[in-house]
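*Asks:* What would the 3D arrangement of this be:
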Amino acid sequence: MENILLLLNIILAIILVLMVLMQKSEGGALGIGVSQENLMFSKSAGNFMTKATAIIATLFIICSLALTIISRGELTPLNSVLDTVEESNEDTPSIPEDN
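*Replies:* Okay, the predicted model is just below:
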């Protein structure tokens, strides 16, 4: 199940990048694209590419969250690190007494 979601996530990421790159540049300040035309007439808001990009981005986020939830169970440690550490005096170097 995790491998299928991972493959789907990679495919959605590639499609999302391609969809963003195929969109028409609006020439706003850093891609915000807010101008007087856009505020008065919302033609660009109903664009097919904009809606498709929003849908693909939503699917990508849902898939990423599902991957996180599934893989979270594997990350919980079964025992503590402190339980496995054993102190040994054999590894510590001895201090020479010939000073």
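
*Asks:* Please count neighbours and contacts with C-alpha atoms only from this point.
*Replies:* Noted.

*Asks:* Now name the helix or strand holding A13.
*Replies:* Following DSSP states H and E, one finds A13 within helix 2-22.

*Asks:* List of residues touching that helix?
*Replies:* For helix 2-22, contacts defined as CA atoms under 8 Å, 6 or more residues apart in numbering pick out 49, 52-53, 56-57, 59-60, 63-64, 66-67, 70-71.

*Asks:* Go through the residues you listed and say which is closest to N79.
*Replies:* Nearest to N79 out of the contacts of helix 2-22 is S71 (CA to CA; 18.1 Å).

*Asks:* Now do the same for A52: its pLDDT.
*Replies:* We note a pLDDT of 91 for A52 in this prediction.

*Asks:* And S42, by the same measure?
*Replies:* For S42, the predicted pLDDT is 51.

*Asks:* Same question for F48.
*Replies:* With respect to pLDDT, F48 has a value of 87.

*Asks:* Counting neighbours, which of the contacts of helix 2-22 comes out on top?
*Replies:* In terms of neighbours by other CA atoms under 10 Å, the contacts of helix 2-22 top out with F60 at 20 neighbours.

*Asks:* if I look at that one, how far off is E2?
*Replies:* 15 Å (CA to CA, to the nearest Å).

*Asks:* likewise I70?
*Replies:* Distance from I70 to E2, by CA to CA: 7 Å.

*Asks:* before we move on, what about A13?
*Replies:* Remark: distance between A13 and E2 (CA to CA) = 16 Å.

*Asks:* L12 too?
*Replies:* 15 Å.

*Asks:* Lowest-scoring secondary structure element of this structure by mean pLDDT?
*Replies:* Scoring the helices and strands of the chain by mean pLDDT, DSSP states H and E places helix 36-40 at the bottom, with a mean of 50.
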